[in-house]
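**Student:** only geometry, no sequence info:
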């Protein structure tokens, strides 16, 4: 049976940590799902790690739906969350409802994620009232990177910390089943996690959160443009891939590949009349 939002919320009550990773394609989703992670995020971070943009802003709804469908084909057990991209929910509640509905109907995911706190609370409530599970996202919100002035730690002053707590409470009251805390000082994230009843999923927010999410390309070392401080590399896929590709290239040039083991034989009689 696929993991439900009720099970995710219950994990917090039991004190059970929640692990979440991004996936953007069938193969990766299948691997993550079979590893037993309860949630997969189809993040708009694919803009950088898959499509090569310098931010998430160019990612469109059609791109997100395309990748979410692929992930859904690979993930059979995890709860899949589709990331609503820039300007698919900010213009109006009506737009937001329509676009969130497309995630649920066309892509088939179980929930959507959107950035913001108090400012999107009315939208979140409308969605959850309509039966669309919503994961919130506060702190460093990549879709607002130009307004924030870069990738900066959020909540460092008493005023900013208070606003983040208010954002988290507003999302909980609006019906969100969980909230991502990104690039938030660990003590503040731990306090927010205690103040609200829904799970907090940290990324650069310390161990006091109820769960953690990371971009899979970061933990595998396959994205080499930069390494975020909040990540830990569990493998160096880029190096392994580069060596394999270089060896393939060398063997093709030398004639060492393919061998008979990678070729298909044919009865000589078939060619007899063609020579």
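**Tutor:** Now that the structure is in, tell me what you want to look at. What you see is a predicted model; the values in this text were computed from it and never measured. Numbering: from 1, shown residues only.

**Student:** how about the helices of the stretch 151-275 of the chain, start to end?
**Tutor:** For the stretch 151-275 of the chain, the helices identified by DSSP state H, counting those that start in this stretch occupy 158-174, 186-195, 216-220, 237-254, 268-271, in order along the chain.

**Student:** so of these, which one's packed in deepest?
**Tutor:** Neighbour counts (mean count of other C-beta atoms under 10 Å) averaged over each of these peak at helix 216-220, with a mean of 21. All C-beta spots, glycine's among them, are computed from the backbone N, C-alpha and C.

**Student:** and that one, what does it pack onto?
**Tutor:** In terms of contacts (3 or more C-beta pairs under 8 Å, 6 or more residues apart in numbering; DSSP states H and E), helix 216-220 is packed against strand 18-22.

**Student:** in the strand it packs on, what counts as buried?
**Tutor:** Of the residues in strand 18-22, those buried by neighbour count under the rule 16 or more other C-beta atoms under 10 Å are 18, 20, 21, 22.

**Student:** quick one: mean pLDDT over that strand.
**Tutor:** The average pLDDT within strand 18-22 is 98.

**Student:** partner strands of that strand and their direction?
**Tutor:** With DSSP bridges as the criterion, the sheet partners recorded for strand 18-22 are strand 39-42 (parallel), strand 211-214 (parallel).

**Student:** and those strands: which comes nearest residue 173?
**Tutor:** Between residue 173 and the strands paired with strand 18-22, the shortest gap by C-beta to C-beta is with strand 211-214, which sits at 20.6 Å.

**Student:** tell me which residues are up against that closest one.
**Tutor:** Around strand 211-214, the neighbours that count as contacts under C-beta atoms under 8 Å, 6 or more residues apart in numbering are 11, 17-22, 39, 41, 178, 180, 199-203, 230-232.

**Student:** great, nothing more from me.
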